[in-house]
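Undergrad: following is a predicted model, sequence given first.
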Amino acid sequence: QMQLVESGGGLVLAGGSLRLSCVASSFSMEHYAIGWFRQGPGEEREELSCIDDNGNDASVYYADSVKGRFTVSRDNDKNTVFLEMNSLKPEDTAVYYCAAASAWGTSYDYWGQGTQVTVSS
């Protein structure tokens, strides 16, 4: 069964940083576009970022809410995608998810269980 597992969440003070990891088990992420999402309490799920299957800088998306603060990258040798989060704000508090799509711009077929990020003021 194809699975994604997120890690790296936790409690951090406002202005701090965290790096989330998304690791695939039972399949290679190499040919998948990987997206990062979050969902805060009582909020809709928000797509934060997406990186295409070859990590081409020309095919990276960031939501306006995180642009300039978050950076997505991938290491296909480690079958891992990262989300570096800097200058964190209390409003970044949410459960963060990664998801895999077979191609850039298509629907996400596989989802992780999420990792909690809490930013205190």
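TA: Yes, it's here.
Undergrad: look at the residue nearest the centre of the chain and give its secondary structure.
TA: The chain has residue 36 as the residue nearest its centroid, 2.9 Å off, counting by CA atoms, centre = their mean. Following DSSP: H, G, I helix; E, B strand; the rest coil, we place residue 36 in the strand state.
Undergrad: tell me the pLDDT at it?
TA: With respect to pLDDT, residue 36 has a value of 98.
Undergrad: contacting residues around the residue nearest to residue 63 when sequence neighbours are not counted?
TA: Leaving aside its sequence neighbours, residue 63 sits nearest to residue 48 (CB to CB, 6 or more residues apart in numbering; 5.1 Å). Where you see a C-beta, it was placed from the backbone N, CA and C, and this is true even at glycine. By CB atoms under 8 Å, 6 or more residues apart in numbering, the contact list for residue 48 reads 35-38, 62-63, 65-66, 70, 83, 96.
Undergrad: what is the nearest of those residues to residue 105?
TA: Checking the contacts of residue 48 against residue 105 by CB to CB gives residue 35 as the nearest, at 10.7 Å.
Undergrad: what residues are bridge-paired with that closest one?
TA: residue 50, residue 99 (DSSP bridges).
Undergrad: same check, this time on residue 73
TA: Checking residue 73 by DSSP bridges, which sets the bridge assignment, gives partners residue 82.
Undergrad: the nearest residue in space to residue 34 that is not next to it in sequence and residue 17, how far apart?
TA: Residue nearest to residue 34 in three dimensions, not counting chain neighbours: residue 81, with 4.4 Å by CB to CB, 6+ apart. Going from residue 81 to residue 17 by CB to CB, to the nearest Å gives 17 Å.
Undergrad: now do residue 33
TA: Taking CB to CB, one finds residue 33 at 25 Å from residue 17.
Undergrad: please name the nearest non-neighbouring residue to residue 40.
TA: Nearest non-adjacent residue to residue 40, counting by CB to CB, 6+ apart: residue 94, 4.0 Å away.
Undergrad: residues touching the one you found, list them.
TA: Taking CB under 8 Å, 6+ apart, we find residue 94 in contact with 38-41, 43, 46, 116-117.
Undergrad: put together a markdown table for those, with secondary structure on each row.
TA: Output for the contacts of residue 94, formatted as a markdown table (three-state DSSP):
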| residue | secondary structure |
| --- | --- |
| 38 | strand |
| 39 | strand |
| 40 | coil |
| 41 | coil |
| 43 | coil |
| 46 | strand |
| 116 | strand |
| 117 | strand |
